[in-house]
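Engineer: What follows is a protein structure lacking sequence information:
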């Protein structure tokens, strides 16, 4: 009986040891890519704090209201990123990426209200990209700062591309 107890105790100790090793390796893997992910989370969480702020043409503060580029600059500047104030200048800012590869914190570029004029006139910050469903936050001229879905026809017709600022 004692041999069985000792054997079970030894087996349990070995099992516990190996499970701890596996847990430690898993945590280390998560830490290795977490710096960028943490920064992306911070940017998006800060951007969400402005939901409901009214739209104001040329606005760039929560107090006065935002337009899309003022809002984007306000959010990124809070984290030390030097981004343009004009939406058209984002066509050459950061790294060009495909919309399907965008991540939380990347910037989406859209035409303005005239979808046939293929020049950047509106911006949004990606909130999520889950299985191809992209949600973004932006300063909408009709509703102020809000989260929208890229699958809405209005935005699908106007998407020009995406840019990566956070590396």
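Structural biologist: Received it, and whenever you're ready, just let me know what you need. Predicted, not measured: the structure shown is a model, and the values here were computed from it.

Engineer: Tell me the pLDDT of residue 34.
Structural biologist: pLDDT, residue 34: 85.

Engineer: I meant residue 163, not that one.
Structural biologist: 98.

Engineer: and it, what element?
Structural biologist: strand 159-164 (DSSP states H and E).

Engineer: partner strands of that strand, parallel or antiparallel?
Structural biologist: Strands adjacent to strand 159-164 in the sheet, as given by DSSP bridges, are strand 95-97 (antiparallel), strand 107-111 (antiparallel).

Engineer: list the buried ones in the lengthiest strand in the chain?
Structural biologist: Criterion DSSP state E: the longest strand present in the chain is strand 120-130. Buried residues in strand 120-130, counted by 16 or more other CB atoms under 10 Å: 120, 121, 122, 123, 124, 125, 126, 127, 129. Glycine gets a C-beta too; all of them are placed from N, C-alpha and C.

Engineer: for the strand holding residue 163, the distance to its chain's centre please.
Structural biologist: 13 Å (CA atoms, centre = their mean, to the nearest Å).

Engineer: next one: stretch 87-102
Structural biologist: The answer for stretch 87-102 is 13 Å, by CA atoms, centre = their mean.

Engineer: And stretch 124-143, by the same measure?
Structural biologist: The answer for stretch 124-143 is 9 Å, by CA atoms, centre = their mean.

Engineer: Distance across it, terminal residue to terminal residue?
Structural biologist: Counting by CA to CA, to the nearest Å, you get 14 Å between the two ends of stretch 124-143.

Engineer: Can you name the next helix or strand after the longest strand of the chain?
Structural biologist: By DSSP H and E, the next helix or strand past strand 120-130 is strand 133-140.

Engineer: That following strand - contacts with which helices or strands?
Structural biologist: helix 34-48, helix 68-78, strand 120-130, strand 144-149 (3 or more CB pairs under 8 Å, 6 or more residues apart in numbering; DSSP states H and E).
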